[in-house]
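*Asks:* I would like to see how this sequence folds:
(one chain, ligands or ions: 2)
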Amino acid sequence: MKSRFITFEGIDGAGKSSQIAAVVALIESRGIHVVQTREPGGTPLGEKLRELLLHEPMHLETEAMLMFAARREHLAALIEPSLAAGKWVVSDRFTDATYAYQVGGRGLDEARFAALEQWVHPHLQPDLTLIFDLDPAVAARRLAGTGVAPDRFEREKTDFFERVRSAYLRRAAADPQRVRVIDAIQTPDEIRLQVEAVVGEACFR
Ligand SMILES: Nc1ncnc2c1ncn2[C@@H]1O[C@H](COP(=O)(O)OP(=O)(O)OP(=O)(O)O)[C@@H](O)[C@H]1O
Ligand SMILES: Cc1cn([C@H]2C[C@H](O)[C@@H](COP(=O)(O)O)O2)c(=O)[nH]c1=O
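*Replies:* Ligands and ions are numbered 1, 2, ... in the order given. Reported below is the predicted structural model:
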């Protein structure tokens, strides 16, 4: 069976990270080797860049280029070799997050985003992207409940996450074959059943 690249997306607190383990287990139950990873991060260098990105103030174009720099390393050192070896890759975020957060949230010029996307991965897109869609006010309450100190992005106000959410939905509308929107207001179990059905239909049919 052809290897697959699956990505999870959504605003902070939408609940995507809570769903990834069930999808990995579903795929592994079919005897398939799965590599689970995340962005920014996924490699030793990427994880160092993650710390800077989540905690150091910087220009929005610096932020976008560092996201793509981490991604270039992630693709070269992990994603591409894993797919070439027939493994599936499940990533907690990828380039749709750069469109949502840097273009939608911060106002990055869309042509500059597109140029970076074309440079860094001209021939690779996820086979399936799940966007967990949620009202930013609900997501903020969920994050507040974790008791974890917020990072640079999580400290942004509701209007920022409204722009991020809208950008995610634009991305989904532009590529409905690849991107599926999950209503993240549901209970974790309801979401898990929906996610398993979407992954099963898209990847195992
Ligand atoms: N469907 C849900 N209903 C209620 N609470 C949820 C749901 N899914 C996750 N949560 C809770 O919301 C919080 C954030 O969940 P999670 O870390 O999965 O979100 P996330 O989208 O990955 O956020 P981030 O991108 O910041 O990591 C956790 O405390 C989690 O237990
Ligand atoms: C890949 C990527 C991520 N971000 C933002 C989104 C989140 O706020 C953080 C990552 O933290 P998480 O706990 O893993 O969700 O980084 C971004 O702004 N742009 C990107 O390309």
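
*Asks:* So, low pLDDT: which residues of this structure?
*Replies:* Regions of the chain meeting the criterion pLDDT under 70 are absent.

*Asks:* Give me the nearest residue to the residue nearest in space to the middle of it, chain neighbours excluded.
*Replies:* Among the residues of the chain, the one closest to the centroid is residue 93, at 1.7 Å (CA atoms, centre = their mean). In space, and not counting its chain neighbours, residue 93 is closest to residue 39: 4.3 Å by CB to CB, 6 or more residues apart in numbering. Heads up, the C-betas are built off the backbone N, CA and C, glycines and all.

*Asks:* any idea whether the closest residue to residue 104 other than its chain neighbours is helix, strand or coil?
*Replies:* With sequence-adjacent residues excluded and distances taken as CB to CB, 6+ apart, residue 104 is closest to residue 167, at 2.5 Å. For residue 167, the assignment made with DSSP: H, G, I helix; E, B strand; the rest coil gives helix.

*Asks:* wait, doesn't residue 167 sit right on residue 107?
*Replies:* No. At 10.5 Å, residue 167 does not count as touching residue 107 under the criterion of CB atoms under 8 Å.

*Asks:* my hunch is that residue 130 is in a strand, does that hold up?
*Replies:* Yes. Secondary structure assignment places residue 130 in a strand (three-state DSSP).

*Asks:* can you count the residues close to it?
*Replies:* Residues lying near residue 130 (other CB atoms under 10 Å) number 28.
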